[in-house]
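[1] 3D, please:
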Amino acid sequence: MHVPDLNSLCESESHVVLLFDPNPNAFCYLGLGSKRELIFEKPKPGILETLEAFSKLGNAWTFGWLGYDLKNEIEHLETRNPSPLGHPVVAWWEPEIVIRFSDSSVEILSGDDDDPRMIRALESIKRESKVQEGIQGEMVWSWGKTQYLKALDEVKRLIQQGDVYELNLCMPLKGQAASNKSWPLFSRLQKLTQAPFSAYLQCGPYRIMSGSPERFLKKEAGRLISQPIKGTVRRGGSPEEDKALAHALQSSEKERAENVMIVDLVRNDLSRVAEKATVEVTDLCSIYSLETVHQMVSTIECSISPEKGLSDILRATFPMGSMTGAPKISAMKHIDRLELEGRGAYSGSIGYISPSGNFDFNVLIRSLYHNSISKILMSNVGGAITSLSDPELEYQECLLKADAIFKTVNY
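    Here you go, the predicted structure:
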């Protein structure tokens, strides 16, 4: 499926959302404008209950993002060093126009057929977005290799003394966009990554361009599905090398250990909102191949206890274990100390909530964050550290994950 051409719509609309999966027959969502919105600059008590109530009003489709710092309200934690970008911790809204589309179908979910904006939106879906050539700005590492390896050594010390078993250590990238336009960045990022949980969100000056390969949590037909990723390797230069790299990932004791630890954490999280004895691992350590990387993915499912609503589910599961480590609370405390700078929206989630209360949320990784007023760009990359981690290989994995970000902006 081609990326729709939203360039002009992004210039004329204050609120734009595109949830995009390039795979054949996948459903994508386009939303324009805002009838109402829920914005929280910082975490506050009752924020998730407010979001749940907001999503239930008016039989509406709603979209937005949840920032990593929701952890502070959920687990009574703090962020000592806020993200310099300033994206709200929650931005959620009901678009005036919502369209669901695939390769073979287009369905208007909200809005008037004869609205000129609707006509423009439908036409934009038919057109393929053109990828702009040339430098879009400049991104640089905020950390050097020495700083990363020093932090990694500290994580291994924490593991040795039993504070954590696994910790997701991330480092930031910072830069400046060449203009206040964000759509060209998403168009380039999607072409490079072809990721199944890609998204473009625009809420006034706050923009997120996501090339995420990972699902955080989906609710459908009374079931919850989580699909954490742990384990990444590059694609090969030949079919033979590609197959060998995928096999090496599948066979890696270290990568499987990382994945299984997070699977156990997710099972525990889901058990807090699941019907008794329904939590199950339906797929363990499978290899999924994307445009630039192979990933190790597991799937955990459960039936939802009838009395549990959206706020209960998010309190039990957010932030996702694949972005924290285990035990989760201890890992988050050490992350705040080690990373020196708040994650902002990174490690949070983008998604939708349907009128029936179903939802689908991604994991905010492999993404760019843009303020169109200051033109500041940010991103983050990282990976899980365990007792088996090789520092040099972990650093190289960070470089691999950042490759598409640098190519999107700098080339």
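[2] contacts only, for the residue nearest to the spatial centre of the chain.
    Taking Cα atoms, centre = their mean, the centroid of the chain lies closest to residue 364, which sits 1.7 Å from it. Going by Cβ atoms under 8 Å, 6 or more residues apart in numbering, residue 364 touches 65, 68, 208, 210, 212, 345-350. Bear in mind the C-beta positions are built from the backbone N, C-alpha and C, glycine included.
[3] what's the separation between it and residue 46?
    Residue 364 is 23 Å from residue 46, where distance means Cβ to Cβ, to the nearest Å.
[4] repeat for residue 191
    41 Å.
[5] tell me where the stretch 201-350 of the chain has helices.
    239-251, 253-271, 310-317, 328-339 (DSSP state H, counting those that start in this stretch).
[6] which of those sits closest to residue 123?
    Nearest of the helices of the stretch 201-350 of the chain to residue 123, taken as Cβ to Cβ: helix 310-317 at 34.4 Å.
[7] so what secondary structure elements neighbour the closest one?
    For helix 310-317, the elements it packs on are helix 47-56, strand 215-220, helix 253-271, judged by 3 or more Cβ pairs under 8 Å, 6 or more residues apart in numbering; DSSP states H and E.
[8] which residues touch it?
    With Cβ under 8 Å, 6+ apart, helix 310-317 has contacts from 48-49, 51-52, 55, 66, 70, 74, 216-217, 219, 224, 226, 266, 269-270, 272-273, 304, 353, 357, 359.
[9] pLDDT of that helix, averaged?
    In this model, helix 310-317 has an average pLDDT of 98.
[10] who's more crowded, residue 191 and residue 46?
    residue 191 (17 against 10; other Cβ atoms under 10 Å).
[11] residue 130 is in contact with the more buried one, correct?
    No. Judged on Cβ atoms under 8 Å, residue 191 makes no contact with residue 130 at a distance of 10.3 Å.
[12] span of stretch 156-166 from start to end?
    Across stretch 156-166, the terminal residues are separated by 9 Å (Cα to Cα, to the nearest Å).
[13] quick one: buried residues of it?
    Burial within stretch 156-166, assessed by neighbour count using 16 or more other Cβ atoms under 10 Å, is assigned to 156, 158-159, 164-166.
[14] ditto for stretch 315-332
    315-328, 330-332.
[15] go on, stretch 50-60?
    50-52, 54-55, 60.
[16] could I get the residues you listed as TSV with pLDDT?
    Below are the buried residues of stretch 50-60 laid out as TSV (pLDDT from 0 to 100):
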residue	pLDDT
50	98
51	98
52	98
54	98
55	98
60	97
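[17] convert the C-alpha atoms of stretch 348-357 to CSV, please.
    The C-alpha trace of stretch 348-357 is given here as CSV (Å, rounded to 0.1, in the frame of the first residue of the first chain):
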residue,chain,number,x,y,z
GLY,A,348,4.9,5.8,25.1
SER,A,349,2.2,4.9,22.6
ILE,A,350,0.1,6.2,19.7
GLY,A,351,-3.3,4.6,18.9
TYR,A,352,-7.0,4.8,18.5
ILE,A,353,-10.0,4.0,20.7
SER,A,354,-13.2,3.0,18.8
PRO,A,355,-16.8,3.8,19.7
SER,A,356,-17.2,0.3,21.0
GLY,A,357,-14.1,0.7,23.3
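[18] on that earlier part again, now the contacts of helix 310-317: which count as buried?
    Buried among those by 16+ other Cβ under 10 Å: 48, 51-52, 55, 66, 70, 74, 216-217, 219, 224, 226, 266, 269-270, 273, 304, 353, 359.
[19] distance of the residue of the chain most remote from its centre relative to residue 122?
    The outermost residue of the chain, judged against the average C-alpha position, is residue 114 (34.3 Å), by Cα atoms, centre = their mean. Using Cβ to Cβ, residue 114 is found at 11 Å from residue 122.
[20] next one: residue 18
    With Cβ to Cβ as the criterion, residue 18 and residue 122 are 14 Å apart.
[21] neighbour count: those two, which is higher?
    Set residue 18 next to residue 122 and count neighbours by other Cβ under 10 Å: residue 18 wins out with 28 against 17.
[22] which one is that one nearest to, not counting chain neighbours?
    residue 200 (4.4 Å; Cβ to Cβ, 6 or more residues apart in numbering).
[23] give me the beta-bridge partners of the one you found?
    residue 18, residue 209 (DSSP bridges).
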